[in-house]
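**Student:** Fold the following.
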Amino acid sequence: MLKKCKGCNKEKELSDFYMTHNYRNYFSKCKDCMRASSRKDYYDNYESRRKSADKYKKSKIGLMVSRKANKVTYKKNLYKFRTRYLTKIAIRKGWLAHLACEKCGNFLSEVHHLDYSDPYNVWWLCQKHHTMADNGKLFLYGGEGLNPSQTK
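**Tutor:** Residues are numbered from 1 along each chain as shown. Next up is the predicted model:
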């Protein structure tokens, strides 16, 4: 069965239209036109949505929701927060030396933990290589091969 789209004025199959919320009818625009108008609305109203989101984040309810989400994340990943905290202390006290990226030599490097149970066995990676390592696109030899940072 064919239906005429009100967006592009073409006759299309019913499978090219989204169904309404009650599953009895189809929307008047085809899927392609709906996507295009949705994308246009997204970019046209970006600033107003951004302002609304910022206002919500600063509101009482927004702050409560954010705090609750942060607490859940903290409880869920307590071992990671503990390891990061101990690593920061070790760097601050000079027990752990800040090194350049172990892949490219960039001195603007970050700490990467292969194993969160050992806060002092870290790799120093630039932001690019750190992101690759977190996404599984950078192979670090399972903790051996390059030079894990040496403690003083």
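**Student:** ranges for the strands of the chain?
**Tutor:** Along the chain, counting by DSSP state E, strands occupy 2-4, 11-13, 17-19, 26-30, 109-113, 122-126.
**Student:** the domain parsing of this structure - what is it?
**Tutor:** 2-42, 46-76, 82-143 (automatic domain parsing).
**Student:** Mean neighbour count added to the ones you listed, as JSON lines?
**Tutor:** In this view, the C-beta of every residue, glycine as well, is placed from N, C-alpha and C. What follows is the domains of the chain, written out as JSON lines (neighbours: other C-beta atoms under 10 Å):
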{"stretch": "domain 2-42", "mean neighbour count": "13"}
{"stretch": "domain 46-76", "mean neighbour count": "11"}
{"stretch": "domain 82-143", "mean neighbour count": "15"}
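**Student:** JSON lines for those domains, including mean pLDDT?
**Tutor:** Conversion of the domains of the chain to JSON lines gives the following (pLDDT from 0 to 100):
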{"stretch": "domain 2-42", "mean pLDDT": "91"}
{"stretch": "domain 46-76", "mean pLDDT": "94"}
{"stretch": "domain 82-143", "mean pLDDT": "88"}
